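Visitor: need a 3D model of the following:
(one chain, ligands or ions: 1)
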Amino acid sequence: MPEKILLQADYFLTWDENLKLYSRAEMVIENSLITYLGPRLERPEKNFKRVINEKNSLVIPGFINTHTHAAMSLFRGYADDLALMDWLQNKIWPAEAKLKKEDIYWGTLLSIAEMIRGGTTCFADMYFHMEEAARACIESGIRASLAQGLVGMEKTKGEQGLRQSRDLVRNWHNKGEGRITIMLGPHAPYTCPPEYLQEVGELAGELSVPIHIHLAETRYEVEESCRKYGKTPVELVNETGLPAHNLLAAHCVHLSAKDIEILAAKNIAVAHNPGSNLKLGSGLAPVADLLQKEVLVSLGTDSAASNNNLDLLEEMRLATLLQKGLQEDPAVIPAEIAFKMATIDGARALFLPGETGTLKEGAKADLALLKLKQPHCYPLYSLAAHLVYSAGAGDVDLVMVDGRVLMEKGRLLTIDEEKILHEASQRAQRLTGN
Ligand SMILES: [Zn+2]
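Guide: Numbering: from 1, shown residues only. The predicted model follows:
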């Protein structure tokens, strides 16, 4: 008999082509897939391995965090309220120089624990020693798109990064029953010269994997690019041919009208990181303008060193509130659009195979269940408004990826949280000398 789970909840809220709400409904999950979602039917319980029936509950697709550096959670709260270059040069880079492979594994697990607790079922990561991140993902059961961060300023280092990426694709792409996918991760146009970006593009074509890059994060980056090349970072990247491949661009804060045209015309997906952009004083991305031009915008947290948490509920709220303030228009990015950015559009931005980021028959059973019986969720007029404007990560009660329960009733089932917290504080001491 297949591993069948029956999940009954008060509400299921999801995006497909439109926002869909199912009330007093049920879902059947067989192995990793949703095989039914709709009205409750007469079904003998003995046909199921498990029946989950939660009162006062809302089930949504798991959140998709499209930009982070998971292992950097080891530096959470180590250096704050500093200018970007001061932060990087005097704090983060010296601490990163002490990172060992095992630190990446434990730091990634720390982030995974936090993400699962907040209802995130998939994330895009860019860092180094990514085989350690892959190991953490496989053990925890979460879904992830992993990229080795590539820097092309020195030829040897650049070539080494490409070789490591090739190995990463060979050893880990589609592993963990397909939950792990690999991307190429050229760090940014200011650390990867155009010729190197071209090489990255060629490799992406050869290996058939998407590309994940930082783009137009700060005003300084754009000014330097214009000074050095006479082109904005978006124009420069466009000329390297990278957009011919599936391309995910993190940040896109400082954009010209022409840049926005390029992003739209070349189907470049954007990972908007409002929390990190605010905290590092980078500025406000023109998200409402991007959406108006039908650019695909997803949501990311960036690392816990610049955020300082990995909470997609918070990013949804920031994404809509910032645009309302910026545009002086409360109708901009309604709650259901912020919800779409954090779920189905996240899956699209990661170019994931199969259906994820949505709840429907044939889609991957990646979901989060939130408990609604809490003062901040009463009374109930709009579930989307509750999710975006009222809910907190602590409301998430059950999380499933690929049909496997990773958290239930506040307990992480696949990873040892006590051990992870212990390792994280031990390793933080060694890395930062605090
Ligand atoms: Zn980043």
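Visitor: strands of the stretch 51-200 of the chain, residue ranges please.
Guide: Secondary structure of the stretch 51-200 of the chain by DSSP state E, counting those that start in this stretch: the strands cover 57-61, 63-68, 120-127, 143-150, 180-186.
Visitor: run the angle between the third one and strand 57-61 for me.
Guide: Angle between the axes of strand 120-127 and strand 57-61 is 40 degrees (criterion: axes from the mean of the first three to the mean of the last three Cα atoms, to 10 degrees).
Visitor: for strand 120-127, packing partners?
Guide: On a contact count with 3 or more Cβ pairs under 8 Å, 6 or more residues apart in numbering; DSSP states H and E, strand 120-127 meets strand 63-68, helix 101-117, strand 143-150, strand 180-186, helix 344-349, strand 367-371, strand 396-401. Any C-beta I mention is one placed from the backbone N, CA and C, and that applies to glycine too.
Visitor: tell me which of the ones you listed sits most buried.
Guide: strand 63-68 (a mean of 30; mean count of other Cβ atoms under 10 Å).
Visitor: helix or strand right after the strand or helix carrying Ile29?
Guide: Assigned by DSSP states H and E, Ile29 falls within strand 19-30. Next along the chain after strand 19-30, taking DSSP H and E as the criterion, comes strand 33-39.
Visitor: what is that next one packed up against?
Guide: So strand 33-39, by 3+ Cβ pairs under 8 Å, 6+ apart, packs with strand 19-30.
Visitor: and the strand it packs on, average pLDDT?
Guide: For strand 19-30, the mean per-residue pLDDT is 98.
Visitor: nearest spatial neighbour of Leu162, skipping sequence neighbours?
Guide: Leu203 (5.9 Å; Cβ to Cβ, 6 or more residues apart in numbering).
Visitor: next one: Met316
Guide: Ala338 (4.2 Å).
Visitor: just the CA atoms of the strand or helix carrying the one you found, as PDB, please.
Guide: Following DSSP H and E, one finds Ala338 within helix 335-342. C-alpha atoms of helix 335-342 as PDB (Å, rounded to 0.1, in the frame of the first residue of the first chain):
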ATOM      1  CA  ALA A 335      -1.700  40.900   0.600                       C
ATOM      2  CA  GLU A 336      -2.500  38.100  -1.900                       C
ATOM      3  CA  ILE A 337       0.200  39.300  -4.300                       C
ATOM      4  CA  ALA A 338       2.800  39.300  -1.500                       C
ATOM      5  CA  PHE A 339       1.600  35.700  -0.700                       C
ATOM      6  CA  LYS A 340       2.100  34.800  -4.400                       C
ATOM      7  CA  MET A 341       5.600  36.300  -4.400                       C
ATOM      8  CA  ALA A 342       6.500  34.100  -1.400                       C
END
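Visitor: average pLDDT across it?
Guide: Across helix 335-342, the per-residue pLDDT values average to 98.
Visitor: from here on, count from 454
Guide: Yep, numbering from 454; the last one is helix 788-795 now.
Visitor: show me what that helix is in contact with.
Guide: 466, 468, 472, 513, 516-517, 725, 744, 750-752, 765, 768-770, 772-773, 835, 837-838, 840-842 (Cβ atoms under 8 Å, 6 or more residues apart in numbering).
Visitor: show me where the stretch 604-753 of the chain has helices.
Guide: Along the stretch 604-753 of the chain, counting by DSSP state H, counting those that start in this stretch, helices occupy 608-625, 647-660, 672-682, 686-692, 710-718, 727-732, 740-745.
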